[in-house]
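Visitor: Compute the structure for the input listed below.
(one chain, ligands or ions: 3)
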Amino acid sequence: MALEITVLGSGTSMGVPTIGCQCDVCTSPDPRDNRLRPSVLVSYEGRNVLIDTTPDFRAQALRARIGRLDAVLYTHEHADHIMGLDDVRPFNFRQKEAIPLYAAPDVLSVIQRCFRYIFDGEKKESNVPKLVLHALDGGPFDLFGLRFVPIPLLHGSAIIYGFRFGRAAYLTDHSDVPETSFEQLRNLDVLFLDALRYKPHPTHSTVERSVETARQLGARRVFFTHICHDLPHERTERKLPPHIRLAHDGLEIEVEEGA
Ligand SMILES: [Zn+2]
Ligand SMILES: [Zn+2]
Ligand SMILES: [Zn+2]
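Guide: Residues are numbered from 1 along each chain as shown. Ligands and ions are numbered 1, 2, ... in the order given. Here you go, the predicted model:
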């Protein structure tokens, strides 16, 4: 089975350009320096599985011309990863069905609190998203014939999930990929890693650290994401090994499901 990964957003929580900022990257004419909040779409066999609903989800779905949505997976509950949930409504209308969400139990409870009107069971005068919640227990799960494996990551002191599917893994928002997760990350053709900037940050990895993680994991192609305005696309890539690139919004990557 062939999978296609579309990068819907490659930026950090505030996005690039950052509101009010006039730095070289925020004012860059290179479209790759425009980064919406972090998310990818995984497409296979006519199905579209979304990882995270960012505050930019509406713009991302229009730009990528997403015609249907079959499931949403959540990495964690931070605002830059959940706040676009209300914008799944057009898919409810078009598909005439509820959309399944998959997340760790603590992430689901934050989503239920933040979007109380969706889940309070009260009769509404207008439409709210129709969703079916599935709590992840940490084990792998199948969606439409493809196996997804939650990968525990350290995001500061929190443990959040990345996901492996086929020969690809999407690991956003981590300060560290714990060695206990390495075994599930062998034999990857495509690996996404958080690389916020050069300067250390308590909850995000740096370019240097993610280059080292990429080396340890030995993935064939690596894409950095969750990038802030410290990293100009072209100049940063020039300093990276050829198999490591910065992701950019709209990037499409084909990968095999593999064994
Ligand atoms: Zn984030
Ligand atoms: Zn800036
Ligand atoms: Zn986060």
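Visitor: what sits up against stretch 203-217?
Guide: 12, 155-156, 158, 173-177, 182, 185-186, 188, 191, 193-200, 222, 224, 226, 231, 236, 240-241, 244 (CB atoms under 8 Å, 6 or more residues apart in numbering). From N, CA and C alone the C-beta is placed, and that goes for glycine too.
Visitor: swap in stretch 134-148?
Guide: 1, 3, 42, 44-45, 47, 49, 70-71, 73, 100-105, 108, 149-150, 152, 161, 163-166, 257.
Visitor: Would you mind listing which of those are buried?
Guide: For the contacts of stretch 134-148, a burial check counting by 16 or more other CB atoms under 10 Å picks out 3, 42, 44, 49, 70-71, 73, 101-104, 108, 149-150, 152, 161, 163-166.
Visitor: Just the residues you listed: which are in strands?
Guide: Secondary structure defined by DSSP state E assigns 3, 42, 44, 49, 71, 73, 101-103, 149-150, 152, 161, 163-165 of the buried ones among the contacts of stretch 134-148 to strands.
Visitor: Tell me the spacing between residue 58 and residue 8.
Guide: 11 Å (CB to CB, to the nearest Å).
Visitor: what's near enough to touch the closest residue to ligand 2 within the stretch 151-259 of the chain?
Guide: Evaluated by CB to the ion, the stretch 151-259 of the chain has residue 229 as its residue closest to ligand 2, separated by 3.4 Å. Residue 229 makes contacts with 16-18, 21, 23, 25-26, as judged by CB under 8 Å, 6+ apart.
Visitor: Next one, pLDDT for the spatially closest residue to it that is not a sequence neighbour please.
Guide: Leaving aside its sequence neighbours, residue 229 sits nearest to residue 25 (CB to CB, 6 or more residues apart in numbering; 4.3 Å). pLDDT for residue 25: 98.
Visitor: Residue 25 sits in which helix or strand?
Guide: Using DSSP states H and E, residue 25 sits within no helix or strand.
Visitor: From ligand 3, how far out is it?
Guide: Residue 25 sits 21 Å away from ligand 3, going by CB to the ion, to the nearest Å.
Visitor: so that residue sits right up against residue 235, yeah?
Guide: No - here residue 25 does not reach residue 235: they are 9.5 Å apart, not a contact under CB atoms under 8 Å.
Visitor: more crowded one of these two?
Guide: Between residue 25 and residue 235, counted using other CB atoms under 10 Å, the more crowded position is residue 25 (22 against 11).
Visitor: give me phi/psi at that one?
Guide: Main-chain torsions, residue 25, degrees, to the nearest 10: phi -80, psi -40.
Visitor: list the contacts for it?
Guide: Here residue 25 is in contact with 16-17, 33, 229-232 (CB under 8 Å, 6+ apart).
Visitor: Alright, that wraps it up for me.
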